[in-house]
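In: Here's a sequence, model it:
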Amino acid sequence: MKAENSATKEAQLSAEIQKLEVACAELASLPSGRTVYLKKGNLYFRSDPKLVTSQQQRDLKKAKNRMGKNFKDAL
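Out: Numbering: from 1, shown residues only. Predicted coordinates:
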């Protein structure tokens, strides 16, 4: 039971990491001057592409750290 729960968490984290990596790649490929929106809660706000990119990278780093912690806990 505990192994299934651990595997589920790992799969969810992997999906989140992949989603964040795709978002970072898409933001990096945007032409300059393109409008970008940042979701905060249920609302979207127009924002600076550099700010959104840095936030996505920060979220990606946090997700990878959580993945590493979960991997160490499983051992």
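In: From the centroid of this protein, which residue is nearest?
Out: In the chain, the residue lying closest to the centroid (Cα atoms, centre = their mean) is L20, at 3.3 Å.
In: so is it in a helix, a strand, or just coil?
Out: The three-state assignment at L20 reads helix, by DSSP: H, G, I helix; E, B strand; the rest coil.
In: residues contacting it?
Out: With contacts defined as Cβ atoms under 8 Å, 6 or more residues apart in numbering, L20 is in contact with Q56, D59, L60, A63. (Glycine included, C-beta is placed from N, CA and C.)
In: What score does it have for pLDDT?
Out: We have a pLDDT of 94 for L20.
In: what's the closest non-adjacent residue to it?
Out: Spatial nearest neighbour of L20, chain neighbours left out: L60 (4.1 Å); criterion: Cβ to Cβ, 6 or more residues apart in numbering.
In: Which strand or helix spans the one you found?
Out: L60 is part of helix 49-74, with elements assigned from DSSP states H and E.
In: Report the buried residues of that helix.
Out: When burial is assessed from 16 or more other Cβ atoms under 10 Å, helix 49-74 yields the following buried residues: P49, V52, T53, Q56, Q57, D59, L60, A63, M67.
In: Excluding sequence neighbours, find me the nearest residue to R34.
Out: P49 (6.5 Å).
In: is it true that the one you found touches S29?
Out: No - contact criterion Cβ atoms under 8 Å: P49 and S29 do not qualify, at 10.8 Å.
In: circling back to that earlier point, for the residue nearest to L20, give me its contacts.
Out: So L60 contacts I17, L20, E21, C24 (Cβ under 8 Å, 6+ apart).
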